[in-house]
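Student: Generate coordinates for the sequence data below:
(chains A, B and C)
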Amino acid sequence: MAPVALNHYLIVAVLLFAIGFFGVLLRRNVIVMFMCLELMLNAVNIALVAFSRFNATAGHPMMDGNVFVFFVITVAAAEVATGLAIIVALYRRRGTVMADDLSSLKK
Amino acid sequence: MLIILLCPLLAASLIALFGRLRGRMAAALSVLSAGVQMVLTLRLLFGGWDGAPFHETVRWLTLGNLTIDMGFYFNQMSALLLTVVTVVGFLIHVFSIGYSDHDEARGRFFGGLSLFMFSMTGIVISENLFMLFVFWELVGFCSYMLIGHYLTDVASAAARKAFVVNRVGDFGFLLGIIWCFWQFGTVSLADLPAAMVAAPMTAASLTFVGLLLFCGVVGKSAQMPLHVWLPDAMAGPTPVSALIHAATMVAAGVYLLGRLSFIFNPATLQVILVVGLCTALYSAICAFGQNDIKKILAYSTLSQLGFMVAAFALVGGMEGAGTSQFHLTTHAFFKALLFLGAGSVIHACHHEQDIYNMGGLWKKMPFTFGTFLVATLAIAGVPFLSGYFSKDAILLLAWHNSHAAFYILAFASLMTAAYMGRIIFVAFMGSARSEHVEKARESRFDMVAALLLLAVGAALAGYTGLYPAVLGEYLHANVPHPEGAEHTMMLVLSAALSLGGLLISFLLYYRPGRKLDTLERTAPGLFCLIRSKLFFDEVYRYYVNKVQQRFAAFVAFLELVIIQGAIVRGSGGVSGLVGIAMRRAHTGSLNSYLYWFAAGVLIFWLYSSGVL
Amino acid sequence: MPEVLFYLFAAMTLVPALLMVASRNTVNCAMLMIVSFVGTASLFALLQAFLLTVLQIMVYAGAIVVLFLFIIMLLDVGRVRAVRGGAGKLVCALVFFVALAACPVLAILSSRGGAAPVGEAVPAASSAANFGMLLFTKYQLPFELTGFLLLAAMVGVIYISRRAPAAEPSEAPEAVEK
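Tutor: Below is the predicted model of the structure:
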């Protein structure tokens, strides 16, 4: 087998991103859409860490990508909390979590 | 100088703002401004101006390398015309006080008169062609306003006709001005002669420029073929006809010829001569076919204008200018007098204008008759009155330069005497032919005073010795004088023509009590032909209705479809369509937003990787 | 060996993701998500970002998914059709999926420098220390701001998920503090 290179990781990240997006497009349940969103964030994390790893040398470990991922995880956590709170409030007001029914912006 | 120009403007604006309803105040204001103008002009002339040209400019507009100044260029020629305008104008203003005493719109009338005085003065003292053109148009507007003063359909149509026909001439005039500017770089009347030498044009293009500038004269001074508006303009009040269409505005064209005398080369002058002669002859013939006293006088004006234009074109240059200006001066006096006399008659006969309904007025209105007679004799060219001197000069010039022109002008003079005699013998002599005329009485004192003063002018204006020094020497230098044997020949000739014409008209027309024109009775075919004026009006009307209106309708249709439809509504429609399309994106559905989002990301990706 | 591991972990990440997209049961989705996150963490470990591995499991798989499960069970959704109906919509989404996947892959494959194999291993012991050093020096400001962010998120969540004032105070799930 070929040694694993940066491209491999990047392709994994891309595929994960596409799958996540696919899920967001297809699913009707808002909570599940949200979960697919997390998949996309994950994909980005993988890519970042891969870049960070492949630009490091023995004397110069490049940790910037990792730090970035650290922050992404943190923010993702905050975002999930807030988003779910909104979904709960929405459910209380509308009684549904189906995205099709949440269409009051429609003409 | 500035005061002379601006005083009537002030009067006009005051009238427009305050005096529309107060007729008497408006009249007083207008007459006052005309009087001030006259006094200042006379003071200028008698009080020590040595005749040197007076030139003063102020920058008005600068567009790129085009600069338009406003200014005065005052030389002897302009002094002459200014005198005419102010003196005759003042007298006509005085006359109008009496004439307009029944008129409800008196304020408007005098406002128009004042505005006209302003515009005419502007033309006289203009320094460059652009400024002259501005005032030219202003005068045209005043003419429109005043012709249509009685707000009847006939008057409005006549006013429109005057303005439109004038416009046609002005179009050529404007083209000439632009070409002039393009070629010589300046339109200043003072600087043009020098500029012409510096940047000479080819003979052909110089001819063409001259003809274009002449177009303005054709329109304003009613030469053929643009003469059709002047007879119709008689629908306006008589003082208006006197001031504008006899003495001054129509003379503006002749004045322009004089101002631009250096620009016309022999070829152009040939054309101008032909036009002038045709006009003179044609109008003289047409005058026999009219029964309305004002229309006869209108054709008489046309004829005399033809004389002036032909006089200029016989020689060109300063001599031609001088001769035509001289005839202009004398013509102003006697024509104004004729019109005012006619106005007096019309006013007294309760707005009766057909001479075949008048008669026997010599007993009832002696002063009017007397002054009218003086004017008729003057226009006929009876020796020792003013008309004799100026017409004499023209005939002399013709004899020296073109015998064909001489014969035509002589014949036209004969006819002039004849048709003017017709008025005298039909309208004044004999006995009254209708009831209103029975009850006519002499006009008010101020009207008669104006008539008398004008009569003095008509009688004496030919004696250049009486003029103030500056004008006198100008005229003396530029108007040909007969000497010796020529002198006697001219005297005899003029006497023959004028008295002969009067005799002819006496024989033909002195039929007291008859209501029908002699010619109409005896040679109805000929009379009809004359009265038809060679169908000019009919041809023009056909052209306007059939050709021009259709074209205009077609253009309007194009405008509706293309400009309004495709461009205006079209661009609005396209925006609307785009809006509708864009609105489809705002569905309110999360799903579709996601699709749009993905599409955007894709496009960015593709673009950044160089595929797109 | 590393290659095999890589492919294994990659599969562990991608397959549950796909299944998650297709699954009908919401709780199943959450469980599959956990597996996917663990796969991601393993990939991190392969990339020698050990601190992140742990963080990923702790925060993502531990807290976030738990939060999801709480909400799923709170809002009792019931048996509803999971996926958007219509073959047309499916095809459309597939098209987009392929496009979204293919374009970057092409971009990646056509770029230089990505095919080089992994460099020397970074000393594991200094990994966390280096990380901390970077975090507290170069990225000190974002670190503090993140603290603020979490505070704001917490306050916001509490406020949003309140019931109407007249009703009883809610037992809104609070954000698990990092």
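Student: Poorly predicted segments of the chain, please.
Tutor: Picking chain A for this. Counting by pLDDT under 70, chain A has low-confidence residues at A:1, A:56-61, A:102-107.
Student: nope, chain C please
Tutor: In chain C, residues with pLDDT under 70: C:77-87, C:112-126, C:164-178.
Student: Break it into its domains for me.
Tutor: C:1-80, C:127-163 (automatic domain parsing).
Student: For chain C, which helix extends over the most residues?
Tutor: helix C:87-110 (DSSP state H).
Student: got it, and chain A?
Tutor: helix A:64-94.
Student: I'd like to know which elements that one is packed against.
Tutor: helix A:30-54, helix C:50-55, helix C:65-74, helix C:125-137, helix C:140-160 (3 or more CB pairs under 8 Å, 6 or more residues apart in numbering or on different chains; DSSP states H and E). Yep, even glycine has a C-beta here, placed from its N, CA and C like the rest.
Student: For chain B, which of the ones you listed is the nearest?
Tutor: helix A:30-54 (8.0 Å; CB to the nearest CB).
Student: May I see the buried residues of stretch B:340-357?
Tutor: Residues of stretch B:340-357 classed as buried by neighbour count (16 or more other CB atoms under 10 Å in any protein chain shown): B:340-349, B:352-357.
Student: So which of these are in helices?
Tutor: Per DSSP H, the buried residues of stretch B:340-357 map to helices at B:Leu340, B:Gly341, B:Ala342, B:Gly343, B:Ser344, B:Val345, B:Ile346, B:His347, B:Ala348.
Student: follow-up on the earlier one: so which of the domains of chain C is the most surrounded?
Tutor: Mean neighbour count (mean count of other CB atoms under 10 Å in any protein chain shown) peaks for domain C:1-80 among those, with a mean of 19.
Student: now check that domain, is it near chain B?
Tutor: No. Figure legend: domain C:1-80 not in contact with chain B (CB under 8 Å from any CB of the partner chain); closest approach 13.8 Å.
Student: ok, that domain near chain A or not?
Tutor: Yes. Using CB under 8 Å from any CB, domain C:1-80 comes into contact with chain A via C:2-4, C:6, C:10, C:13-14, C:17-18, C:20-21, C:26, C:29-30, C:33, C:36-37, C:40, C:43-44, C:46-49, C:51-52, C:55-56, C:59-60, C:63-64, C:67-68, C:71-72, C:74-75, C:77, C:80.
Student: so how far is that domain from its chain's centroid?
Tutor: 7 Å (CA atoms, centre = their mean, to the nearest Å).
Student: what do you get for stretch B:85-100?
Tutor: Put simply, stretch B:85-100 sits 18 Å off its chain's centre (CA atoms, centre = their mean).
Student: before we move on, what about stretch B:108-119?
Tutor: 15 Å.
Student: List the buried residues of that stretch.
Tutor: For stretch B:108-119, by 16+ other CB under 10 Å, it's B:Arg108, B:Phe109, B:Phe110, B:Gly111, B:Gly112, B:Leu113, B:Ser114, B:Leu115, B:Phe116, B:Met117, B:Phe118, B:Ser119.
Student: And for stretch B:490-506?
Tutor: B:Met490, B:Leu493, B:Ser494, B:Leu497, B:Ser498, B:Leu499, B:Gly501, B:Leu502, B:Ile504, B:Ser505.
Student: Quick one: mean pLDDT over it.
Tutor: Across stretch B:490-506, pLDDT averages out at 81.
Student: residues in contact with it?
Tutor: By CB atoms under 8 Å, 6 or more residues apart in numbering or on different chains, the surrounding residues in contact with stretch B:490-506 are B:377, B:380-383, B:388, B:391-392, B:395-396, B:410, B:413-422, B:424-425, B:482.
Student: Among those, which ones lie close to chain A?
Tutor: Within these, nothing lies near chain A by CB under 8 Å from any CB.
Student: Regarding B:Ile68, what is its secondary structure?
Tutor: Here B:Ile68 is strand, with the state taken from DSSP: H, G, I helix; E, B strand; the rest coil.
Student: and it, what are its bridge partners?
Tutor: For B:Ile68, the beta-bridge partners are B:Leu61 (DSSP bridges).
Student: is it true that it touches B:Ser126?
Tutor: No. Look at B:Ile68 against B:Ser126 with CB atoms under 8 Å: they stay out of range, at 11.6 Å.
Student: So for these two, which sits in the more crowded spot?
Tutor: Neighbour count, other CB atoms under 10 Å in any protein chain shown: between B:Ile68 and B:Ser126, B:Ser126 has more, with 26 against 18.
Student: Just read off the phi/psi values of the more buried one.
Tutor: The phi/psi pair for B:Ser126 (degrees, to the nearest 10) reads phi -60, psi 140.
Student: In chain A, which residue is most central in space?
Tutor: Nearest residue to the geometric centre of chain A (CA atoms, centre = their mean): A:Leu41, 1.9 Å.
Student: That one contacts A:Val72, doesn't it?
Tutor: Yes. Under the criterion of CB under 8 Å, A:Leu41 makes contact with A:Val72 at 6.5 Å.
Student: Output the buried residues of stretch B:490-506 as JSON lines; include the columns distance to B:Asp537 and secondary structure.
Tutor: Output for these, formatted as JSON lines (distance: CB to CB, whole Å; DSSP: H, G, I helix; E, B strand; the rest coil):
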{"residue": "B:Met490", "distance to B:Asp537": "38", "secondary structure": "helix"}
{"residue": "B:Leu493", "distance to B:Asp537": "36", "secondary structure": "helix"}
{"residue": "B:Ser494", "distance to B:Asp537": "34", "secondary structure": "helix"}
{"residue": "B:Leu497", "distance to B:Asp537": "31", "secondary structure": "helix"}
{"residue": "B:Ser498", "distance to B:Asp537": "31", "secondary structure": "helix"}
{"residue": "B:Leu499", "distance to B:Asp537": "35", "secondary structure": "helix"}
{"residue": "B:Gly501", "distance to B:Asp537": "28", "secondary structure": "helix"}
{"residue": "B:Leu502", "distance to B:Asp537": "31", "secondary structure": "helix"}
{"residue": "B:Ile504", "distance to B:Asp537": "28", "secondary structure": "helix"}
{"residue": "B:Ser505", "distance to B:Asp537": "26", "secondary structure": "helix"}
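Student: what about the residue nearest to B:Gly387 when sequence neighbours are not counted, helix or strand, and which?
Tutor: Once flanking residues are discounted, B:Gly387 sits nearest to B:Ala378: 3.9 Å by CB to CB, 6 or more residues apart in numbering or on different chains. In the assignment (DSSP states H and E), B:Ala378 maps to helix B:366-380.
Student: and what of B:Thr416?
Tutor: Going by DSSP H and E, B:Thr416 is in helix B:403-423.
Student: Same question for B:Tyr73.
Tutor: Counting by DSSP H and E, B:Tyr73 is part of strand B:66-74.
Student: Return the residues in contact with B:Gln270.
Tutor: So B:Gln270 contacts B:Ala313 (CB under 8 Å, 6+ apart).
Student: Tell me the spacing between it and chain A.
Tutor: 80 Å (CB to the nearest CB, to the nearest Å).
Student: Briefly note if stretch B:600-612 comes near chain A.
Tutor: No. Stretch B:600-612 stays clear of chain A (CB under 8 Å from any CB), getting no nearer than 8.7 Å.
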